[in-house]
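Asker: The amino acid sequence is not available; the structure is as follows:
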């Protein structure tokens, strides 16, 4: 009996070791298109993409299921045509921006697969020769099977930012948190790249974000997260290992949730 009990204990320990002991079960990672190039540049720099891919791989290996929502601002922003070129309708420009996110998705997919990750690229706009169409149940199944999914083309409709797409996909896929990757350490009272005296916030509640009109994310996305009690973590992806730390639940960046911020004493 003692031997059997010891064997059962050993099997249970091995089983437990395969599960994440801390951190999040499932997360949506929002990446801007600008994360694919050095600051101030345009296009795609595969060294930058590979650096991000390596961080995503480590985050997934820690036990977190990862879905990535990608922007396209490094190639084209739909909003840039709003006033600059009257010959292109604004809705058409937004569709052009959505196609740019698919290009970025292909680059990230190749970078992830080059280091041994199993991935699926899913687009909200149907393009069967390039990637899968986004279907919620299929995306959920891919995540459950340990695949990293890349969600491109926003929501598939114009006049919606990829921030809002990330919030909506987080709710659809029942993610534990929305990870917003930025070039700065988190949320500040002002732009820290312009104002060196800007105040850093480690924790904010949604009401404070709205009251102070903090613009770290599209306001529609923040409202969706607030109404569905979905926490957001804003952090600096440029620091090596931060994507893994964020997915593992470490205290980095700024967490925004429904918990009131404790007053300073």
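Answerer: Cool, the structure landed. A quick note: this is a predicted structure, and the numbers were derived from the prediction, not measured.
Asker: Quick check: bridge partners of the residue nearest the centre of the chain?
Answerer: Nearest residue to the geometric centre of the chain (Cα atoms, centre = their mean): residue 29, 1.6 Å. Beta bridges link residue 29 to residue 68, residue 179 when assigned by DSSP bridges.
Asker: Was I right to think it contacts residue 66?
Answerer: Yes. Between residue 29 and residue 66 a contact is recorded at 6.0 Å, counting by Cβ atoms under 8 Å. From N, CA and C alone the C-beta is placed, and that goes for glycine too.
Asker: shared neighbours, these two?
Answerer: Any residue near both residue 29 and residue 66 by Cβ atoms under 8 Å, 6 or more residues apart in numbering counts here, and that gives 56, 59, 247.
Asker: Filter those down to just the ones in helices.
Answerer: Mapping those onto helices (DSSP state H) picks out 56, 59, 247.
Asker: got a list of what the second one touches?
Answerer: Residues in contact with residue 59 (Cβ under 8 Å, 6+ apart) are 27, 29, 66, 243-244, 246-248.
Asker: Do a quick rundown of the helices in the stretch 151-265 of the chain.
Answerer: According to DSSP state H, counting those that start in this stretch, the stretch 151-265 of the chain carries its helices in the segments 162-172, 206-212, 219-227, 242-247.
Asker: could those helices be laid out in TSV, adding mean pLDDT and mean neighbour count?
Answerer: Listed next are the helices of the stretch 151-265 of the chain as TSV, based on pLDDT from 0 to 100; neighbours: other Cβ atoms under 10 Å:
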stretch	mean pLDDT	mean neighbour count
helix 162-172	97	25
helix 206-212	94	15
helix 219-227	96	18
helix 242-247	96	25
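Asker: Including distance to residue 185, could those go into a markdown table?
Answerer: Shown next, in a markdown table, are those (distance: least, Cβ to Cβ, whole Å):
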| stretch | distance to residue 185 |
| --- | --- |
| helix 162-172 | 19 |
| helix 206-212 | 17 |
| helix 219-227 | 19 |
| helix 242-247 | 9 |
